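A.B. asks: Predicted model, plus sequence, below.
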Amino acid sequence: MTSKKTPSSPASAGRPDNPFLDAELYGRMRDYTERDAAFSKELKAIGERGAGKRSVDARHAPSLQLLRAGVKKGMTLEQIFARIVEGVDSGLWTPWLAQFGIELPGVNYAKTGPRNARLALDLSLGSKATAFFANGGIANWRSLAAEDCMQVQIHKPTETVPAKAYAIFYLDPADAADTDAA
């Protein structure tokens, strides 16, 4: 009797695959799947795969390039990030970021030292970031952002509250100061 070995996939060795990273597959799936169902499937795949931690600093994450170039009230997101790092206009950071679908759950407001800002990009269905990415032709932006971010937080829906998901990024991470000193 011969035993058959199943070929091990790269997913079995580490993180599960997220098929939604393939923009062509995502586009084909959207042709045949309702919007809410497509979102649920993508969110499930993101949750199973987890954060990729490829580029956790929001200023350098490739998945956020289109969003950083977006302009609201005369400022790009890139300029807003620079002001956060510089520590100026601290009272305006939260409303500025909200226009891009980003929350600011934590930041060091001290006058000296790094900001160590923690940014939460809203990945939910009604995210304000969706319009920026849709205009740029990037439908699978949620999966791409999850590959760059430090952490993925998913809050399951209830009868009264829809599903919420966030990709957590940082500005001025603590290890960046150590890297510059070396």
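C.D. replies: Received it, and whenever you're ready, just let me know what you need. Numbering: from 1, shown residues only.
A.B. asks: switch to C-alpha atoms for all contacts and neighbour counts from now on
C.D. replies: Fine.
A.B. asks: any weak-confidence spans in the chain?
C.D. replies: Scanning the chain for pLDDT under 70 picks out the ranges 1-13, 173-182.
A.B. asks: Where is the longest helix in it?
C.D. replies: In terms of residue count, the longest helix belonging to the chain (DSSP state H) is helix 35-49.
A.B. asks: Could you list the buried residues of the helix or strand following that one?
C.D. replies: Using DSSP states H and E, the helix or strand that follows helix 35-49 in sequence is helix 65-68. For helix 65-68, burial by neighbour count (16 or more other CA atoms under 10 Å) applies to 66-68.
A.B. asks: and the longest helix of the chain, what does it pack onto?
C.D. replies: Applying 3 or more CA pairs under 8 Å, 6 or more residues apart in numbering; DSSP states H and E, we find helix 35-49 packed against helix 141-148.
A.B. asks: okay, the longest strand seen in the chain in CSV with CA atoms only?
C.D. replies: In the chain, taking DSSP state E as the definition, the longest strand is strand 164-171. Listed in CSV are the C-alpha atoms of strand 164-171, where the atom choice follows Å, rounded to 0.1, in the frame of the first residue of the first chain:
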residue,chain,number,x,y,z
LYS,A,164,-15.7,47.3,12.0
ALA,A,165,-12.1,46.6,11.0
TYR,A,166,-8.9,48.6,11.3
ALA,A,167,-5.4,48.3,10.0
ILE,A,168,-3.0,49.8,12.6
PHE,A,169,0.0,51.7,11.4
TYR,A,170,2.5,53.9,13.3
LEU,A,171,4.4,57.1,12.8
